[in-house]
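In: Here is the input, now give the coordinates:
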Amino acid sequence: MSLFLATFLTGIVLLALGGWFLWNGPRVRPATFGWMRSTPAAVVLFGGAAVWFLWHIAHLGKADFGDYKQLLLLVFGVTALGSFFFVRDFLAVRGLAVLMLLSARPLLDAAYMQFDHPQRLLMVIAVYIGIVIALIIGAAPYRLRNFFTWLFAKNARVRALGLVLVVYGAAVFITSFTY
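Out: Reported below is the predicted structural model:
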């Protein structure tokens, strides 16, 4: 992935997320709370994360547990399938956390050693904040629900978060065209 594409995509995601909260229409609150325990959202997010993670395992080199590739695929595949039956609560949130962590690597790899472009740090900062958020919600997914409960308690908070995300997303998006 190129630095342009990594920065462009990060900006688009931030703009979309910020636009969602800035708009704050009548369907925003129910949709924001609804997806966290939704089975279809869990299938898409956690299922996608599991497939991506298993793909990484399938492509391990000899130095990275390559001799145990089949065993790792079996163990993690069974664990992912079992999660749909035994750990269904907030499974979509866990899937989002895994997707955020897996997507961080190609984004950060694109910015690695690009010292001629200090503006890349706008994207890198957003990715590292996403990593911290993913670690928190992956370990304790109910904290995302608690955050949204606090956020939607006052309409001004929702719009303020949306405004911050839109402004930062616009800065990252515009930065992508400066490389």
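
In: Contacts for stretch 123-139 next, please.
Out: Contacts of stretch 123-139 with the rest of the structure, by C-beta atoms under 8 Å, 6 or more residues apart in numbering, involve 6-7, 10-11, 14, 93-94, 96-98, 100-101, 104, 107-108, 111, 143-144, 168, 172, 175-176. Any C-beta I mention is one placed from the backbone N, CA and C, and that applies to glycine too.

In: Just those residues: which are in helices?
Out: The helices, defined by DSSP state H, take in 6-7, 10-11, 14, 93-94, 96-98, 100-101, 104, 107-108, 111, 143-144, 168, 172, 175 from the contacts of stretch 123-139.

In: Among the residues you listed, name the buried ones.
Out: Under a neighbour-count criterion of 16 or more other C-beta atoms under 10 Å, the subset of the ones in helices among the contacts of stretch 123-139 counted as buried comprises 6-7, 10-11, 14, 93-94, 96-98, 100-101, 104, 107-108, 111, 144, 168, 172, 175.

In: which ones are touching V166?
Out: 14-15, 18-19, 22.

In: and of those, the nearest to K69?
Out: When the contacts of V166 are compared for distance to K69 (C-beta to C-beta), L14 wins out at 36.0 Å.

In: That closest one and G169 touch, don't they?
Out: Yes. Shown here, L14 and G169 form a contact pair, counting by C-beta atoms under 8 Å, at 2.9 Å.

In: So what's the residue count around V44?
Out: Applying other C-beta atoms under 10 Å, we find 16 residues neighbouring V44.

In: got it, and the one 10 residues further on?
Out: For L54, the tally of surrounding residues (other C-beta under 10 Å) stands at 15.

In: in which helix or strand would I find it?
Out: helix 39-58 (DSSP states H and E).

In: Please compute how far that helix lies from its chain's middle.
Out: 13 Å (C-alpha atoms, centre = their mean, to the nearest Å).

In: can you tell me how far the residue sitting nearest the centre point of the chain sits from V158?
Out: For the chain, the residue lying nearest the average C-alpha position, counting by C-alpha atoms, centre = their mean, turns out to be M100 (2.7 Å). When distances are taken as C-beta to C-beta, to the nearest Å, M100 and V158 turn out to be 21 Å apart.
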